[in-house]
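1. Make a model of this:
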Amino acid sequence: MRNTAVIADHTKAKLFHGWFVVGAAFVVTFIGFGSAYTFSSFVDSMQREFGASRGSVSLVFSFAGFLYFGLGVISGPLADRWGARRLTALGMALVGLGLLLAGRAQTIVQVYAAYSIGIGAGVGCAYVPTLGAVQRWFVRRRGFASGLAVSGIGVGTLVMPPLATWLIATLGWRDAYLVLGIVAVVTGISAALLIADDPRRHGTGPDGDPLGAAASTPVRTGVLIRDAVRTPRFAGLYAACLISAFGVFVPFVHLVPFAVDHQVTPALAVLLLGTIGVGSTAGRFFLGGIADRLGRDAFLIAMYAGMAVSLAIWAVAGDFWSLAAFALLFGVFYGGWVAILPAVVTDHFGGRYVGGIIGILYTSVAFGTLLGPSVAGFVFDVSHSYIIPVAISAAANVVAALIALATTRTTSPIASSPTTSTLPLG
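-> Modelled structure (predicted):
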């Protein structure tokens, strides 16, 4: 009888719906960000089609990146109210529509609209609600679950651009967009249907515990948004993210031209972005579980410090292999940062309004994404060197680490706030 009970418990654990939510989040981030990063594969085709400069074509990334994170301030609270499934399905539909419209575009401006508005808004609608849903299903393994969910971004970055390149060579760029759009709609919306906000509706507590055992960690309790944003803890997290983001996204724009300036061939230079993707995937996949054991607040500080160290390595790197070492190391710490941040937010503000709180926090990342790479480019135009931008990027993450360290000395709002709420999901 004992063995039968153990097998039954094991089967129940395997079927814990929280892991289906994590899997759905992986697919959503894979499709959303992977589709966005296919744009580089289409640049040459669109230059020839529309007679556009490479600079004008590349402008789409800053605007789209701003929307990825900036729209979370809207989609997060809406998901808290209406449910993450609806917002995620809408986002995936917009991603697919953006790809389809890009394939039918007759001007480069229409491509801007399709990618920046369609895909940017689509990822913006889906990303924060999906991450918020994952947080509510886990407590003990929250960091590990978050890491698995967002590792879809790294895998999508590795898989989708080569797939797009093959489709372009086989079908042409317009039909390639058609295929990618259909895949995004069908796969993305199917994954969204697996997303659920409250484990209690599936008969369990967080981590698959029995409902009685989960009573001490109610999944739908949390600090009200208006109270959360007024706390020193949120102010510290926001300031650290904002300052860090000014430097974090500089490599994604300027690492390839930096390498070319140092006599690395363009074909090898492009591989450096893939190396960041490899490191990022590893960081998201493995480091979240380590954070659960070592403490997620301390781990977040370590991620900022690690990004600062790796950026300092970039400043002194000069050949392909040293740049590859930087890219791999930076990717690991960047991936760990992305994985652990939502879990830290949920630790301190609870799960009830986590989507809205993460959405507001991610506006800091949106501004950093919009401004950091652009400022680095302007500094290069003046100085004809990347030393100053890279040094500033490293210093920004040192400051972020210090702010995060100071923030840990403030009281956790979930433990002290009298204004928590246990309202049911709307």
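
2. pLDDT of stretch 227-246, averaged?
-> Mean per-residue pLDDT for stretch 227-246: 92.

3. buried residues in that stretch?
-> Buried residues in stretch 227-246, counted by 16 or more other C-beta atoms under 10 Å: 227-229, 231, 233-234, 236-246. From N, CA and C alone the C-beta is placed, and that goes for glycine too.

4. How many neighbouring residues does the closest residue to H202 other than its chain neighbours have?
-> Using C-beta to C-beta, 6 or more residues apart in numbering and skipping the chain neighbours, the partner closest in space to H202 is H17 (4.6 Å). Residues lying near H17 (other C-beta atoms under 10 Å) number 16.

5. What distance do you get for H17 to I195?
-> Using C-beta to C-beta, to the nearest Å, H17 is found at 10 Å from I195.

6. that older thread, quick check: the residue nearest to H202 vs A133, distance?
-> 11 Å.

7. Common neighbours of those two, please.
-> A196 (C-beta atoms under 8 Å, 6 or more residues apart in numbering).

8. quick one: stretch 183-194 to chain centroid distance?
-> Chain-centre distance of stretch 183-194: 18 Å, with C-alpha atoms, centre = their mean, to the nearest Å.

9. ok, back up a step: tell me which residues touch the residue nearest to H202, please.
-> Contacts for H17 (C-beta under 8 Å, 6+ apart) come out as W137, A196, P199, H202, T204.

10. Against D198, how distant is the last one?
-> The span separating T204 from D198 equals 10 Å under the rule C-beta to C-beta.

11. Comparing those two, which residue is more hemmed in?
-> Shown here are T204 and D198; by other C-beta under 10 Å, T204 has more neighbours (22 against 16).

12. Surely that one touches L211?
-> Yes: assessed by C-beta atoms under 8 Å, T204 is found in contact with L211 at 6.7 Å.

13. Just the buried residues of stretch 295-309, please?
-> For stretch 295-309, a neighbour-count test (16+ other C-beta under 10 Å) marks 296-297, 299-309 as buried.

14. right, I mislabeled it, should have said stretch 117-128
-> I117, G118, I119, G120, A121, G122, V123, G124, C125, A126, Y127, V128.

15. Please list the members of those that lie in strands.
-> If you go by DSSP state E, these have nothing in strands.

16. Make CSV from the residues you listed and add distance to P162 and pLDDT to it.
-> Below are these laid out as CSV (distance: C-beta to C-beta, whole Å; pLDDT from 0 to 100):
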residue, distance to P162, pLDDT
I117, 26, 81
G118, 22, 87
I119, 18, 85
G120, 22, 87
A121, 26, 90
G122, 22, 93
V123, 20, 91
G124, 25, 90
C125, 27, 92
A126, 23, 92
Y127, 23, 88
V128, 28, 86
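
17. Let's have these in a markdown table, adding distance to G277.
-> Below are these laid out as a markdown table (distance: C-beta to C-beta, whole Å):
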| residue | distance to G277 |
| --- | --- |
| I117 | 25 |
| G118 | 23 |
| I119 | 18 |
| G120 | 20 |
| A121 | 24 |
| G122 | 21 |
| V123 | 17 |
| G124 | 21 |
| C125 | 24 |
| A126 | 20 |
| Y127 | 17 |
| V128 | 22 |
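
18. Now, the residues you listed that are in helices?
-> Those of those mapping onto helices are G120, A121, G122, V123, G124, C125, A126, Y127, V128, per DSSP state H.

19. wait, which of these is closest to G377?
-> Nearest to G377 out of these is G120 (C-beta to C-beta; 20.1 Å).

20. From L180, how far out is the residue nearest to A184 when sequence neighbours are not counted?
-> Closest residue in space to A184, ignoring its immediate chain neighbours: G96 at 3.9 Å, by C-beta to C-beta, 6+ apart. Counting by C-beta to C-beta, the separation of G96 from L180 is 8 Å.

21. sorry, back to before: can you tell me which of the buried residues of stretch 227-246 are in helices?
-> Per DSSP H, the buried residues of stretch 227-246 map to helices at 227-228, 233-234, 236-246.

22. right, and T221 touches G351 too?
-> Yes: the pair T221 / G351 is scored as a contact, 6.9 Å apart, by C-beta under 8 Å.

23. So which of those two has more stuff around it?
-> Neighbours per residue (other C-beta under 10 Å) separate T221 from G351, with G351 holding more: 28 against 15.

24. now the helices for the stretch 301-426 of the chain?
-> Ranges of helices in the stretch 301-426 of the chain, per DSSP state H, counting those that start in this stretch, are 320-349, 354-383, 387-407, 413-416.

25. winner for burial among these?
-> helix 320-349 (a mean of 24; mean count of other C-beta atoms under 10 Å).

26. For the stretch 151-300 of the chain, give me the ranges with low pLDDT.
-> 212-220 (pLDDT under 70).

27. Just to be sure, V264 is in a helix?
-> No: under DSSP: H, G, I helix; E, B strand; the rest coil, V264 sits outside any helix and is assigned coil.

28. domain ranges for this protein?
-> Structurally, the chain divides into domains by automatic domain parsing as follows: 1-208, 221-413.

29. ok, back up a step: what is the nearest of the buried residues of stretch 295-309 to I388?
-> The closest of the buried residues of stretch 295-309 to I388 turns out to be A308 (C-beta to C-beta; 15.8 Å).

30. Can you tell me the closest non-neighbouring residue to the closest one?
-> With C-beta to C-beta, 6+ apart, the residue lying closest to A308 is N397, at 3.7 Å.
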